[in-house]
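K.L.:
Sequence plus predicted model, see below.
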Amino acid sequence: MSRYVSVALVAALLIASGLAFAITERLKLTPSPILGTEVPNKFFSPVCECNTDVAIIRFRLRTRDTIDVEILDRGGNVVRTLARKQPEAAGRVEFIWDGRDESGAVAPEGVYKPRVRLAAQRRTITLPNPFSLDVTRPKFVASAVRPLVFSPDGDGRNEVVLARYRLSERAQVSLIIDGRRQVLKRGSQPVGVVQWFGLVDGKRVEPGKYRVQLGARDLAGNIARWTRPAVVEARSVALGRTRIVATAGRPFAVLVVSDARRVTWRLADRHGDARPGTLRLRAPATPGHYHLVVTANANQARAVVVVRSAP
């Protein structure tokens, strides 16, 4: 008797396996009731107050159905139900998750997936579109701005400021000049360098001092705190003194700082050119106040020369 029971059991198992195989193969051949799935924001932050503060779930229904839409965490637990027994016509449908759980609290950081239940089709499908919830600000682990004096005058020498950085995560970095963003770096590598060629709003800056900072926005939209400002001076030519006291007809010297190969100078009715460095000139023979003008690459530096009578 036990022999017949064993044979019957084996036969039943074979029949069940065959039916399961047939059903599986039929499901493979049956077109999916959901197609065109899309989650545009692969990373989002419900606290960023930006265009990536929600997760958008889009898909197309092949036929009309009544659906449930749920958000699952990595462990397969339902974190939020977006739709319950909701009738939907065939075609494109869209749901938005604000990153909060059923109680209204922001869900934990992590990877999530949408799941759709179709009543008429008697199917439950987890969409193959994971996305990440991230509410942590990126941080600048290190940053450095060099050189602190540069010369954006078009002569090809010492024209660029390099701002190097290392971030705590991938993020898009921007260079901020005097509180306004001027350069947006492509890509989102956590380590890199941003170049500033002395342009503000597309125009070359005037000689002077500027505050240079770095900002960053991560892939979810969280914004880093700006780095501490580094004061950078744009300078083409400068003089060691802006007031020079000299004796009539006697020589005097003044330091000229410039990365230009040659500079030109003008004092009273005389002019000439020289290399940057110590400029040696002779004071006018008549006492009075004069202006020394030194020019490099169309930029000027000035000093007042006070000429006194010889003792």
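P.N.:
On my side now, so go ahead. Quick caveat: nothing in here was measured; it's all calculated off a predicted structure.

K.L.:
Leaving out the residues flanking it, which one is nearest to residue 276?
P.N.:
Nearest non-adjacent residue to residue 276, counting by C-beta to C-beta, 6 or more residues apart in numbering: residue 258, 4.3 Å away. For every residue, glycine as well, the C-beta is placed using N, CA and C.

K.L.:
who touches the one you found in this structure?
P.N.:
151, 236, 237, 238, 276, 296 (C-beta atoms under 8 Å, 6 or more residues apart in numbering).

K.L.:
And it, what's its pLDDT?
P.N.:
On the pLDDT scale, residue 258 is placed at 92.

K.L.:
Ok, residue 25 next?
P.N.:
On the pLDDT scale, residue 25 gets 47.

K.L.:
Likewise for residue 12?
P.N.:
With respect to pLDDT, residue 12 scores 51.

K.L.:
that older thread, ok, what's across the strand from the residue nearest to residue 276?
P.N.:
residue 237 (DSSP bridges).

K.L.:
So for residue 267, what's the nearest residue that isn't a sequence neighbour?
P.N.:
Here the nearest residue to residue 267 in space, its sequence neighbours aside, is residue 292; by C-beta to C-beta, 6+ apart that works out to 4.9 Å.

K.L.:
Now the helix or strand encompassing the one you found: buried residues?
P.N.:
Using DSSP states H and E, residue 292 maps to strand 288-296. For strand 288-296, the neighbour count (16 or more other C-beta atoms under 10 Å) marks 290, 292, 294, 295, 296 as buried.

K.L.:
Determine the set of other helices and strands touching that strand.
P.N.:
strand 237-239, strand 251-258, strand 263-267, strand 299-308 (3 or more C-beta pairs under 8 Å, 6 or more residues apart in numbering; DSSP states H and E).

K.L.:
Bridge partners for the residue sitting nearest the centre point of the chain, pull those for me.
P.N.:
Centroid-nearest residue in the chain, with C-alpha atoms, centre = their mean: residue 172, separated by 1.9 Å. Beta-bridge pairing for residue 172 (DSSP bridges): residue 217.

K.L.:
Okay, it and residue 190: tell me how far apart.
P.N.:
Applying C-beta to C-beta, to the nearest Å, the value for residue 172 to residue 190 is 11 Å.

K.L.:
what's the average pLDDT for stretch 219-236?
P.N.:
Mean per-residue pLDDT for stretch 219-236: 96.

K.L.:
so how far does that stretch reach from one end to the other?
P.N.:
39 Å (C-alpha to C-alpha, to the nearest Å).

K.L.:
Could you give me the buried positions within it?
P.N.:
Under the neighbour-count criterion of 16+ other C-beta under 10 Å, stretch 219-236 has 219-224, 227, 229-230, 232, 234-236 buried.
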